[in-house]
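Engineer: one predicted model, sequence on top.
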Amino acid sequence: MTDFAAQTATGKVLWHFTMSLDGFVAGPEHEMDWLAGITARPGLIDEYVRTTGAILGGRDGWDVIKGARPYGGDWDGPIFVLTHHPEDATPADGVTFLSCDVAEAARIALEAADGKNLEVFSPTIGRQLLELGLIDEIDLHIAPVLLGAGKRLYDNPGGPAIRLERIGDGEPRAVVNVRYRPITD
């Protein structure tokens, strides 16, 4: 399988994550150390730096990253953090804490993106926006690692299945095949 065309800045709402093969986007306490040593295709980070106008994330993730900027600090646009308790959030330059419903948070952040894409960096917010029909694309990078536990990309026990179409070449509803071999030290 090959990557599809480069991301474009067209005002989309992207639910964007690197995900473990078993469906986790962070460890149990939002740890991201499992990403160490995993590489992206050449130019991918520059592509997202260029096409991202704003980021919307959640409070749990914000409290873990402690103000670190996305993409190794190469991106410097507005970040919006949706929280029930903005009064006790750790402030940072370029970060706005919102306490509103998820649709309003997405509207505010998309307006701030100024025609570029809004990236959603929260599994909970992404799920809610998906259920409201407000996600334009789900952009996943599947990492060759099995975590076994953590924060799932989509966690909705008992909820309905969400059908998706693959973007790019080939049959849009076809299964994507990935093939890995365990590394033995």
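Structural biologist: Sure, I can see it.

Engineer: now for this structure, the helix or strand with the poorest mean pLDDT.
Structural biologist: helix 59-65 (a mean of 89; mean pLDDT, DSSP states H and E).

Engineer: list the strands paired with whichever helix or strand comes after that one, with their directions.
Structural biologist: Using DSSP states H and E, the helix or strand that follows helix 59-65 towards the C-terminus is strand 79-82. Partners of strand 79-82 in the sheet, by DSSP bridges, are strand 52-58 (parallel), strand 95-98 (parallel).

Engineer: want to throw those into TSV with distance to Ala149, mean pLDDT and mean neighbour count?
Structural biologist: C-beta coordinates here come from the backbone N, C-alpha and C atoms, glycine included. As requested, the strands paired with strand 79-82 are exported to TSV (distance: least, CB to CB, whole Å; pLDDT from 0 to 100; neighbours: other CB atoms under 10 Å):
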stretch	distance to Ala149	mean pLDDT	mean neighbour count
strand 52-58	19	97	23
strand 95-98	29	96	17
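
Engineer: could you dump the ones you listed into TSV and include distance to Ala105?
Structural biologist: As requested, the strands paired with strand 79-82 are arranged in TSV below (distance: least, CB to CB, whole Å):
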stretch	distance to Ala105
strand 52-58	6
strand 95-98	5
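
Engineer: quick one: buried residues of stretch 70-90?
Structural biologist: Within stretch 70-90, the residues that qualify as buried are Pro70, Trp75, Gly77, Pro78, Ile79, Phe80, Val81, Leu82, Thr83, counting by 16 or more other CB atoms under 10 Å.

Engineer: Gly58 against Gln128, yeah?
Structural biologist: No. Between Gly58 and Gln128 there is no contact under CB atoms under 8 Å: 10.1 Å.

Engineer: contacts for stretch 27-44, please.
Structural biologist: Residues outside stretch 27-44 that contact it (CB atoms under 8 Å, 6 or more residues apart in numbering): 3, 6, 18, 20, 26, 60-61, 64-65, 141, 143-145, 147, 149-151.

Engineer: do a quick rundown of the strands in the protein.
Structural biologist: 13-20, 24-26, 52-58, 79-82, 95-98, 117-120, 137-143, 151-152 (DSSP state E).

Engineer: looking at the ones you listed, which is closest to Asp88?
Structural biologist: Asp88 lies closest to strand 95-98 among the strands of the chain, at 9.7 Å (CB to CB).
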